[in-house]
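sequence and predicted structure, then a few things I'm wondering about:
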Amino acid sequence: LWTTRRLTQPLAALSRAAAAIGAGDLQAHVEVTRRSDEIGQLAQSFRLMQQVLSERERRILRDASHDRLTGLPNRN
């Protein structure tokens with residue numbers, strides 16, 4: 001029972017984080033404190049994915065409202 005909970009609780013947290021990210025919440029907190037095993041590595045990958053997606057979204061929004069050549073705001 002202890003081993004099962006030790007595996008399922010972190011996986012449930014990752015599942016909730018994946019659902020939040022899929023819904024567009026790129027700031028969802030991934031709550032897994034383990035670092036040395038596969039679940040901890042998966043949590044680190046989730047955090048990295050969040051950072052990359054947030055940066056990409058920020059860049060897309062900036063490109064939509066600013067001229068790429070001059071960096072000045074668009075009229076729209």
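The structure has been received and is ready for your questions. Since we're looking at a predicted model, the values are computed, not measured.

could you use CA atoms for every contact and neighbour count after this?
OK.

what's the burial count for D63?
Applying other C-alpha atoms under 10 Å, we find 14 residues neighbouring D63.

next one: it from T8, what distance?
41 Å (C-alpha to C-alpha, to the nearest Å).

please tell me how far the most centrally placed residue in the chain sits from A17.
In the chain, the centroid-proximal residue (C-alpha atoms, centre = their mean) is Q50; its distance is 2.1 Å. In this structure, Q50 and A17 are separated by 10 Å, where distance is defined by C-alpha to C-alpha.

can you list contacts of stretch 40-56?
For stretch 40-56, the surrounding residues in contact (C-alpha atoms under 8 Å, 6 or more residues apart in numbering) are L14, A18, I21, L26, Q27, V30, E31, V32, T33, R34, R35.

give me the spatial nearest neighbour of the third one, chain neighbours excluded.
The reference is to I21. Excluding its sequence neighbours, the residue lying closest to I21 (C-alpha to C-alpha, 6 or more residues apart in numbering) is A28, at 6.7 Å.

run a quick neighbour tally on that neighbour.
Burial of A28 is recorded as 15 neighbouring residues (other C-alpha under 10 Å).

kindly report the same for S54.
16.

check L7 too.
Neighbouring residues of L7 were enumerated by other C-alpha under 10 Å; the total is 11.

repeat that for the one 5 residues further on.
Other residues near A12 come to 13 when the count uses other C-alpha under 10 Å.

can you give me the pLDDT of I60?
For I60, the model assigns a pLDDT of 92.

roughly how far apart are it and D67?
Using C-alpha to C-alpha, one obtains 12 Å as the distance from I60 to D67.
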